[in-house]
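> Kindly return the folded structure for what I paste below:
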Amino acid sequence: MTLPPKPIVRSQQNAAYQKSLDYLAERAAADDWAAVRAFKLREYNSYAKMVMDYRTRLLLAAIRQQRAPEAGQR
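Next up is the predicted model:
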C-alpha cells in the first residue's frame, strides 16, 4: 500500500508532534489500523490539526486500498 506523504515538523518547540506523525506512519506501515484509529491528541492547535489530518489521510488510504479489489470484481 502506498501511504500518504508524512508531514515534517521543523519547529524544535513542537518536536513531540513529529513523534506522533512518526508513530502513525509506523503503525500504518505495519497494518495496525486499530492503533491509527485509536490515536488521539488532548490539545488542539495547528500542529495537532496537522497530525489528525494525517491520521485521516492514512485511514482514507486504507479504505481505498480495501475497496480497490472490490472494484475489480464488478
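> Surely residue 17 and residue 9 touch.
Yes - using C-beta atoms under 8 Å, residue 17 is in contact with residue 9, at 4.9 Å. Glycine gets a C-beta too; all of them are placed from N, C-alpha and C.
> what residues are shared contacts of those two?
Shared contacts of residue 17 and residue 9 (C-beta atoms under 8 Å, 6 or more residues apart in numbering): 47, 50.
> From the centroid of this structure, which residue is nearest?
Closest residue to the average C-alpha location of the chain: residue 55 at 3.0 Å, with C-alpha atoms, centre = their mean.
> Convert the C-alpha atoms of stretch 3-10 to CSV, please.
As requested, the backbone C-alpha atoms of stretch 3-10 are provided in CSV (Å, rounded to 0.1, in the frame of the first residue of the first chain):
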residue,chain,number,x,y,z
LEU,A,3,0.9,5.7,2.3
PRO,A,4,0.3,9.5,2.0
PRO,A,5,3.4,11.6,2.5
LYS,A,6,4.2,12.3,6.1
PRO,A,7,4.4,15.9,7.1
ILE,A,8,7.6,17.2,8.7
VAL,A,9,7.6,19.4,11.8
ARG,A,10,10.6,21.7,11.7
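> residues in contact with that stretch?
If you take C-beta under 8 Å, 6+ apart as the criterion, stretch 3-10 is touched by 15, 17-18, 21-22, 24-25, 28-29, 47, 50, 54, 57-58, 61.
> swap the cut-off to 10 Å and go again
Contacts of stretch 3-10 from elsewhere in the structure, counted by C-beta atoms under 10 Å, 6 or more residues apart in numbering, are 15-22, 24-25, 28-29, 47, 50-51, 53-54, 56-58, 60-62, 65.
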